[in-house]
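Undergrad: take a look and give me a structure for this.
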Amino acid sequence: MKQKQIDRRTLLSGGLSLAAAASLRNSARAEDRPKPIVPSLEPGTARLAPLELKLQRPEGGSRALSAWRGTPFVLHVWATWCAPCKHELPQLDAFMKALGDDSPIVPVAMASHGPDAVAAFLKAQNLTHIDPWSADAHEFQSWLGDKPLSFPSTYLIDAEGRLRAVIEGETDWGAPESVAQFRKVIAALKK
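TA: Here you go, the predicted structure:
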């Protein structure tokens, strides 16, 4: 009789453990899915001081991120070694093509061995609409403060250079309504 009671308890606790594990697994899967542009990038209140960051290009070219001040833009941070980044970049490339030459997206590779390595990576992947910008991850991390830098991440920056929204992880750049949603988000910040 005691043996049956132990078996029932073991069975019950095992079943509860499996249910908890399944719940955590499903939760993790939802977190790993690419996030939609809206509502993820809807502008919130400005956070952090304006971002100062020096961007590097191959052949020694550079540009300060402050060159984009005066207009809202999106800073997309990625790395050449990052698997989710590699998965997301073809969608971002197509998205930037759809936006055209006046795309307010600034993709920047960090922790990727410099702008020449970034340019070689983009060329090998046939990503022709993403500029080979590179920046120092430590400099960017100092702006973020205690918040850890994760790849990929998408930051909505207002016209004054302040952070307004963040998407950590993959963004669903390929959704049919993404371009229209993105244009609405940028237009709302211009008002």
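Undergrad: domain map for this structure?
TA: Listed by automatic domain parsing, the domain ranges of the chain are 1-32, 36-190.
Undergrad: quick one: mean pLDDT over the first one.
TA: Taken as a whole, domain 1-32 has a mean pLDDT of 45.
Undergrad: next: the longest one.
TA: Averaged across domain 36-190, pLDDT comes to 89.
Undergrad: most tightly packed of the domains of the chain?
TA: The highest mean neighbour count among the domains of the chain, using mean count of other C-beta atoms under 10 Å, belongs to domain 36-190: a mean of 17. Quick note: C-beta positions are derived from backbone N, CA and C, even for glycine.
Undergrad: and that one, how far from the chain's centre?
TA: Taking C-alpha atoms, centre = their mean, to the nearest Å, the mean C-alpha location of domain 36-190 is offset from the chain mean by 7 Å.
Undergrad: how much space between Val77 and Ala67?
TA: Distance of Val77 to Ala67, given as C-beta to C-beta, to the nearest Å: 17 Å.
Undergrad: and if you look at Thr171?
TA: Distance from Thr171 to Ala67, by C-beta to C-beta: 23 Å.
Undergrad: contacts made by stretch 49-57 with the rest, please.
TA: With contact meaning C-beta atoms under 8 Å, 6 or more residues apart in numbering, stretch 49-57 is reached by 62-66, 69, 75, 106, 108, 114-115, 131-136, 139-140, 143, 157, 160-163.
Undergrad: how about that stretch as CSV, C-alpha atoms only?
TA: C-alpha atoms of stretch 49-57 as CSV (Å, rounded to 0.1, in the frame of the first residue of the first chain):
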residue,chain,number,x,y,z
ALA,A,49,21.2,61.5,-22.5
PRO,A,50,21.7,62.0,-26.2
LEU,A,51,23.9,59.3,-27.7
GLU,A,52,27.4,60.3,-28.8
LEU,A,53,29.0,57.5,-30.8
LYS,A,54,31.7,57.5,-33.5
LEU,A,55,30.9,55.2,-36.4
GLN,A,56,33.7,53.8,-38.6
ARG,A,57,33.7,52.7,-42.2
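Undergrad: switch to numbering from 21
TA: Noted, 21 is the first residue going forward, which turns the last one into stretch 69-77.
Undergrad: which parts of this structure are strands?
TA: Here the chain has its strands, by DSSP state E, at 74-76, 82-84, 93-98, 125-130, 153-155, 173-177, 183-188.
Undergrad: any idea of the angle the last one forms with strand 173-177?
TA: Per axes from the mean of the first three to the mean of the last three C-alpha atoms, to 10 degrees, the angle that strand 183-188 makes with strand 173-177 is 170 degrees.
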